[in-house]
Every structure is written in C-alpha cells, then in structure tokens.
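Undergrad: What would the 3D arrangement of this be:
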Amino acid sequence: MMKVLVVGASGVLGRNVIPLLVREGYEVTGITRSVEKVGILRSLGSHPVVCNVYDMPRLYNVVRESNPDVIISFLTDLPDDMKLINEFAPLNNKIRREGTANLIRVSKDIGVSRIYMESVAWKLNGDSGRAVDEMESIVKEANGVVLRYGRLYGEGTYYVNEIPPPPRVRIDKAALMTVEAL
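TA: Here you go, the predicted structure:
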C-alpha cells in the first residue's frame, strides 16, 4: 500500500483529495496546524497529525514517522473570508517560500523523492507573484511536480454560488486530477 502525506490537509483541496486517496487504497497521513481540525481529518480516513511547517524538528519527526512514498502539499495561509485575502498575503507568501523550503529540505533529507505542490494557474502581482515563482523554483529544483490549479469553485471554496473568472476549476475536478497525477 502506497503511503501519502498530505500537507495542508484541512484546507479545501486536502479535504477533497483525502477521501479519494483513501478510496483508491492509499494510506494517508494528513498534516494540519490546528488541533481543532484533527477530527475532520480522521473522519475523512486519514491519520491526522498536528504540525507547523515552521517547526523543523517536529516536521522531521512527522515525515520520518509517516514514512511516505509521496508528499502532496496544499500549503497556504488563506483567510476563510475572501475579503481579507490582501491582509493575509504576507502570511501566504511566507508559507509559500519558507514552508515550501522547509518541506523540500525535510523530504530530501529523509529520502522522499516524489513531491507534488499546489500552485496557481494565473499570474499574481507584486510580492505574491514573486513568492509563487520562488516556491515553484524550489519544487522544480527538487524534481517535484507543480500542480497549477485555476480558481477553485464549489463547496467549501470562495466561490460556492458563483463561477469565478478563468482560469478556474471545480473543486471536485481539481481533487480528482490531483489523485490521477500520482
């Protein structure tokens, strides 16, 4: 049975990908920063683990103990309310840069050779655009795969009752394509 570590597992993509992985027979460990979200991850069929990607000793332990064949990262630091997205940009840029670098460093050191990283399929401006470029470079240098998603819409996204501008992808389709990429 292939083992998959999903980082950012309690986000909208993680919550949609985990049940598909479990259904396909993967053993899934899901990382969340929030103790409150452990129950959600367990109910989806994953082995939930609380870990912050900025805590390197803990991250090393979690990756080592889960012993994954594959890591899928949905690392973001986004607000629940889309109106606050600009206020969260510095946090999201930090996790794209530092969180990704930490995850890649740990995966290399432990010997996980397959890593998939969420990104966006449109050009962001300013520091957010630079953060995406840096994140993608880090992943590519590690021979990882960058999964560029359009604006997500559907249940649990910012666009529940409307269709966002292109590029866009329905959340269930994005989850299915992620699993198929493995």
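Undergrad: Report the separation between the residue lying closest to Arg130 once chain neighbours are set aside and Lys173.
TA: The spatially closest residue to Arg130, leaving aside those adjacent along the chain, is Asn93, at 7.9 Å (C-beta to C-beta, 6 or more residues apart in numbering). C-beta: built from backbone N, CA, C; applies to glycine. Computed as C-beta to C-beta, to the nearest Å, the Asn93 to Lys173 distance reads 27 Å.
Undergrad: who's more crowded, the two?
TA: A side-by-side neighbour count of Asn93 and Lys173, using other C-beta atoms under 10 Å, places Asn93 first with 21 against 16.
Undergrad: what about the helices in this structure?
TA: Read by DSSP state H, the chain holds these helices, from start to end of the chain: 12-23, 38-43, 56-66, 85-94, 100-110, 126-141, 171-181.
Undergrad: Counting by contacts, list what the fourth one packs against.
TA: In terms of contacts (3 or more C-beta pairs under 8 Å, 6 or more residues apart in numbering; DSSP states H and E), helix 85-94 is packed against helix 126-141.
Undergrad: Rounded mean pLDDT for the helix it packs on, please.
TA: When pLDDT is averaged over helix 126-141, the result is 98.
Undergrad: Contacts for that helix, please.
TA: By C-beta atoms under 8 Å, 6 or more residues apart in numbering, the list of residues contacting helix 126-141 from outside reads 89-90, 92-94, 96-97, 100-101, 104, 115, 117, 119-120, 123-124, 145-146.
Undergrad: Filter those residues down to just the buried residues.
TA: Among those, those classed as buried by 16 or more other C-beta atoms under 10 Å are 89, 92-93, 96-97, 100-101, 104, 115, 117, 119-120, 146.
Undergrad: Pretty sure Trp122 sits against Tyr149.
TA: No - using C-beta atoms under 8 Å, Trp122 and Tyr149 do not qualify as a contacting pair, with a distance of 9.8 Å.
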